[in-house]
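J.: here you go, sequence then predicted model.
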Amino acid sequence: MSAAKESLDAILNVEEIRTDFPILSTAVNGKHLIYADNAATTQKPQCVIERISNYYRNENANIHRGVHSLSEEATEAFEGSRNLIRKFINARSVSEIIFTRGTTEAINLVAQSYARPQLDTQSEILISGLEHHSNIVPWQMVCDQVGAKLVVAPVNDAGEILMEEFKNLLSEKTKMVAVGHISNALGTINPVREITEQAHQVGAAVLLDGAQAIIHDQVDVLELGCDFYAFSGHKALGPTGIGVLYGKEALLESMPPWQGGGDMIKTVSFEKTVYNDLPHKFEAGTPNIVGGIGLGTALEYFGCLDLQKVLAHENKLLRRATERAKLIPNLTILGTAANKVSVLSFNIKGVHPHDLGTLLDHQGIAIRTGHHCAMPVMQRLGVQGTARVSFAFYNTLEEVDSIFDAIEKTIPILVS
């Protein structure tokens, strides 16, 4: 194979991929949309949109226990998606795949059903200084409930966990370690395999918040070795209001149900309720059926792409954005970790991030501004918030240049 052919084979066909996403050809404020807010939510491919529409047009019925054809078809589609998700993250069994409303609910489930019964006033939960609010507040709540202590591993100026200090904070008191796989605010890829190994050495269970990682890094729960892994559908090309908790089957079996009613039961009497088997024990009530089906379709679509090409392309986008940002006077990049994904947070002296975001929106450019649900990260870096551009595999280098061209044109308006 020639070097030229090898080079072509290594390139993701972004223009072809973009045709799968209808919204990318739309206009916002009379301008062609440039969408760079993928860390908040990703856009949806046509196959996911059509699958959701087809369900409501042709399959809509409640699942499980129904004997009529529509119910059986909907059940088959829903449980089929569970198996697609199992394969995508390489879990051993569909019993280990719990549908939730998203990462936040999944973390709360683990905090209340797994962690709370394990904790007492001598116990500690270890998190990092990089966490999203959803991986802080549930642990604060459970610590308040039982008198346990929340311990925070510090981060450096680049937005990286100080691993030596992290290891020193681990002890026999540590019952739970909960860390984000990737920081939503800064893009830092945490050394989650090392974190998991270190935590297991002191007997602590590990939950990884995978909301930002599920389509931006290799996610193999067996290789990672974690006890729990949580992610949201809407950050992985799928619908909102659906997510997944992966848990090791033995741990899930040992955990009491978190919510009661509906599908989480086998039998109910006024004297006693017998709970359902996994995974249904943790899925009380009618689930987000079409959400689960849509998420399976989304991950099936993404799984057909070459992950290494996807990651290489996103790295090119990050490099170009970083190069362009460094050329802008008085611009400071927040989060300069050596290992990070295509998220770039920055501030410009004399420019409020919200003002910048508003004027970019007038030009059809969607970015995110604010604290990104990571106030402690902002406090650590000494800022109130940032402007954040975040890219997915369907973004182009031309879009990156257009964003920074627009920023350069906008700055004089805001600082005059």
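T.: Received, thanks. All of these numbers come straight from a predicted model, not from anything done at the bench.

J.: spit out the contact partners of Q259.
T.: Q259 makes contact with F282, A284, G285, according to CB atoms under 8 Å, 6 or more residues apart in numbering. (C-beta placed from N, C-alpha, C; glycine too.)

J.: can you pick the most crowded of those?
T.: Counting neighbours by other CB atoms under 10 Å, the top entry in the contacts of Q259 is F282, with 24 neighbours.

J.: tell me which element the residue nearest to it when sequence neighbours are not counted is part of?
T.: Nearest residue to F282 in three dimensions, chain neighbours excluded: I98, at 4.7 Å (CB to CB, 6 or more residues apart in numbering). Here I98 sits within strand 97-100, counting by DSSP states H and E.

J.: neighbouring contacts of that strand?
T.: Contact with strand 97-100 is made by 82, 85-86, 91, 106, 109, 230, 242-247, 252, 278-279, 282-283, 287-288, 291-292, as judged by CB under 8 Å, 6+ apart.

J.: restricting to C-alpha, output that strand in CSV.
T.: Provided in CSV are the C-alpha atoms of strand 97-100 (Å, rounded to 0.1, in the frame of the first residue of the first chain):
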residue,chain,number,x,y,z
ILE,A,97,-27.0,-2.8,32.1
ILE,A,98,-29.5,-0.6,34.1
PHE,A,99,-31.4,2.0,32.2
THR,A,100,-31.7,5.3,34.1
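
J.: regarding the nearest residue to P45 once chain neighbours are set aside, what is its secondary structure?
T.: Leaving aside its chain neighbours, P45 sits nearest to D20 (4.4 Å; criterion: CB to CB, 6+ apart). Assigned with DSSP: H, G, I helix; E, B strand; the rest coil, D20 falls in the coil class.

J.: near D20, how many other residues are there?
T.: 17.

J.: quick one, phi psi at it?
T.: Note on D20: backbone dihedrals following degrees, to the nearest 10 are phi -80, psi -10.

J.: try G243
T.: Backbone geometry at G243, expressed as degrees, to the nearest 10, gives phi -160, psi -180.

J.: got a list of what it touches?
T.: F99, T100, R101, G102, T103, T104, E105, A106, A230, F231, S232, G233.

J.: looking at it now. What's its pLDDT?
T.: Looking at G243, its pLDDT stands at 98.

J.: skipping its backbone neighbours, what lies nearest I11 in space?
T.: Once flanking residues are discounted, I11 sits nearest to K309: 7.1 Å by CB to CB, 6+ apart.

J.: in which helix or strand does the one you found reside?
T.: Element membership for K309 (DSSP H and E) is helix 307-326.

J.: quick check: next helix or strand after that helix?
T.: Per DSSP H and E, the first helix or strand lying C-terminal to helix 307-326 is strand 331-334.

J.: what is the neighbour count of E398?
T.: Neighbours of E398 (other CB under 10 Å): 11.

J.: any idea of the pLDDT on it?
T.: pLDDT, read off for E398, is 98.

J.: please give the element, helix or strand, for it.
T.: Counting by DSSP H and E, E398 is found in helix 397-415.

J.: hmm, back to that, ok, the residue nearest to I11 touching N315?
T.: No - using CB atoms under 8 Å, K309 and N315 do not qualify as a contacting pair, with a distance of 10.7 Å.

J.: domain assignment for the protein?
T.: 3-45+306-415, 49-303 (automatic domain parsing).

J.: residues touching S345, list them.
T.: Here S345 is in contact with A185, L186, G187, I333, L334, G335, H372, T386, A387, R388 (CB under 8 Å, 6+ apart).

J.: so what does the helix or strand containing E79 touch, helix or strand wise?
T.: Per DSSP H and E, E79 falls inside helix 69-89. Applying 3 or more CB pairs under 8 Å, 6 or more residues apart in numbering; DSSP states H and E, we find helix 69-89 packed against strand 97-100, strand 243-247, helix 289-303.

J.: can you list the ones you listed in a markdown table and add distance to T196?
T.: Shown next, in a markdown table, are the helices and strands packed on helix 69-89 (distance: least, CB to CB, whole Å):
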| stretch | distance to T196 |
| --- | --- |
| strand 97-100 | 19 |
| strand 243-247 | 13 |
| helix 289-303 | 23 |
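
J.: just tell me which of those ends up closest to N60.
T.: Closest to N60 of the helices and strands packed on helix 69-89, according to CB to CB: helix 289-303, at 8.0 Å.
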